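1. pasting the sequence and the predicted coordinates here, then a few questions.
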Amino acid sequence: MQACSRCNMAGSGGEWQQARRRKGAARREKQCQAADRDFGNAEDKSRIQRRITEAIAELRGEEFWLEWKELLSGSLASEIMGTLENDSSLYSGELDCVCYGLGSFSTCISSRYQLAMLILLLDTLRIPPVQCSVFDPVFSPAEHEVLQALGFTVLTENEEGKRPVSRPTLFYLIHCGKALYNNLLWRNWSPQALPWLTIVGNSFHGIQERMVQRDLQRDYSFISDVICACEETALPCSPRFLDVFNDTVLLRFPHERLASLPPHTWTQPSEPEYLHCEDLEIIQRDQGS
């Protein structure tokens, strides 16, 4: 696996140098899989945790964090109210969170800031870290231990995004591959389940603009079919963090918008196969790490 081109670190101090983004390289750049150091001893793990704490403090001081905080708080509150209006018996009062594709946060500074933002969001939304499941096949054993020490539930199986939900769930999928989003939609493909999803991740409209429509419909049909019914809100960031959070939006699937789709939209959806995709942008289960 090649090192993440976004993570330019000067010296052992790990100062961040902004990297120029290459067109069409979102997921490849997301794979910050540099493993030059094992980070296996307690001192190294302590250093990782200290850098995460420093990243949290930096983000907390940014104005755009306050906007994220307000937007996410309002979105989840709106989602819960919509759920109660449709069927209050389905909601237990708890929120879940799932994070895929975070990257190697011990070696990649962008991934570390994304983890720091996730921690801030969990605190704001009062989601206990244990109710946040995280997975990336590139996580090292030391990164597993750090995440567990922070209270996260670290998954051991590559779900490929095929996670069913039964209550309001925040999915944190910054710079993840299109197939992962498509798989998540497929697994929850009904007008009852999709409103449970709130996604912090890539812009679906941006995906649509960058692809030929017939290819999008053929390879990522669930994204293609739901674009017109999703509610997309851009999440701001300062120029300093543009390479970390660029093209990041808040995605929701309101009941009333889904109701406008034709009934045949929901007929027996087939599991995606991606037979025509040369670069799938995700690591599949049978590929290992």
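-> Happy to help now that I have it. Model, not experiment: these values are computed from the prediction.
2. from here on, contacts and neighbour counts on C-alpha atoms
-> OK.
3. skipping adjacent residues, who's closest to the residue nearest in space to the middle of the chain in space?
-> The centre of the chain sits closest to Leu173, judged by Cα atoms, centre = their mean, with a distance of 1.0 Å. Using Cα to Cα, 6 or more residues apart in numbering and skipping the chain neighbours, the partner closest in space to Leu173 is Gly201 (4.7 Å).
4. am I right that that neighbour falls within a strand?
-> Yes - assigned with DSSP: H, G, I helix; E, B strand; the rest coil, Gly201 falls within a strand.
5. can you read off the pLDDT for Leu76?
-> Looking at Leu76, its pLDDT reads 76.
6. isn't it up against Thr198?
-> Yes - look at Leu76 against Thr198 with Cα atoms under 8 Å: they come within range, at 7.5 Å.
7. which stretches in the stretch 51-200 of the chain count as helices?
-> For the stretch 51-200 of the chain, helices defined by DSSP state H, counting those that start in this stretch occupy the ranges 63-87, 109-125, 141-149, 178-187.
8. list the buried residues in the second one.
-> Neighbour-count burial for helix 109-125 flags 109-122, 125 (criterion: 16 or more other Cα atoms under 10 Å).
9. just the angle between that helix and helix 141-149, please?
-> Using axes from the mean of the first three to the mean of the last three Cα atoms, to 10 degrees, the inter-axis angle of helix 109-125 relative to helix 141-149 is 10 degrees.
10. now do the last one
-> Helix 178-187 and helix 141-149 meet at an angle of 40 degrees, taking the same axes, to 10 degrees as the criterion.
11. list the helices and strands helix 178-187 packs on?
-> helix 221-226 (3 or more Cα pairs under 8 Å, 6 or more residues apart in numbering; DSSP states H and E).
12. lowest average pLDDT across the helices of the stretch 51-200 of the chain?
-> Taking the mean pLDDT of the helices of the stretch 51-200 of the chain, helix 63-87 comes last: a mean of 77.
13. now render the helices of the stretch 51-200 of the chain as CSV, adding distance to Gln217.
-> Listed next are the helices of the stretch 51-200 of the chain as CSV, based on distance: least, Cα to Cα, whole Å:
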stretch, distance to Gln217
helix 63-87, 28
helix 109-125, 30
helix 141-149, 37
helix 178-187, 11
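14. mind checking these for the one nearest to Arg163?
-> Smallest distance to Arg163 across the helices of the stretch 51-200 of the chain (Cα to Cα): 6.2 Å, for helix 178-187.
15. hey, C-alpha coordinates of the closest one in PDB?
-> C-alpha atoms of helix 178-187 as PDB (Å, rounded to 0.1, in the frame of the first residue of the first chain):
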ATOM      1  CA  LYS A 178     -18.600   5.300  -4.000                       C
ATOM      2  CA  ALA A 179     -19.200   1.600  -3.600                       C
ATOM      3  CA  LEU A 180     -19.300   1.900   0.200                       C
ATOM      4  CA  TYR A 181     -22.100   4.500   0.000                       C
ATOM      5  CA  ASN A 182     -23.900   2.400  -2.600                       C
ATOM      6  CA  ASN A 183     -23.700  -0.700  -0.400                       C
ATOM      7  CA  LEU A 184     -25.100   1.200   2.600                       C
ATOM      8  CA  LEU A 185     -28.000   2.500   0.600                       C
ATOM      9  CA  TRP A 186     -28.700  -1.000  -0.800                       C
ATOM     10  CA  ARG A 187     -28.700  -2.600   2.600                       C
END
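16. quick revisit: nearest to Ala55, out of the helices of the stretch 51-200 of the chain?
-> For these, distance to Ala55 was read as Cα to Cα. The smallest value, 5.8 Å, belongs to helix 109-125.
17. grab the CA positions of that closest one and hand them over as CSV.
-> Taking Å, rounded to 0.1, in the frame of the first residue of the first chain, the C-alpha atoms of helix 109-125 are listed here in CSV:
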residue,chain,number,x,y,z
ILE,A,109,-2.5,13.8,9.8
SER,A,110,-5.6,14.2,7.7
SER,A,111,-7.0,11.0,9.2
ARG,A,112,-6.1,12.2,12.7
TYR,A,113,-8.1,15.5,12.2
GLN,A,114,-11.0,13.5,10.9
LEU,A,115,-10.9,11.3,14.0
ALA,A,116,-10.7,14.4,16.1
MET,A,117,-13.8,15.8,14.4
LEU,A,118,-15.6,12.5,15.0
ILE,A,119,-14.9,12.7,18.7
LEU,A,120,-16.2,16.3,18.8
LEU,A,121,-19.4,15.3,17.1
LEU,A,122,-20.0,12.3,19.4
ASP,A,123,-19.6,14.6,22.4
THR,A,124,-21.9,17.2,20.9
LEU,A,125,-24.6,14.6,20.0
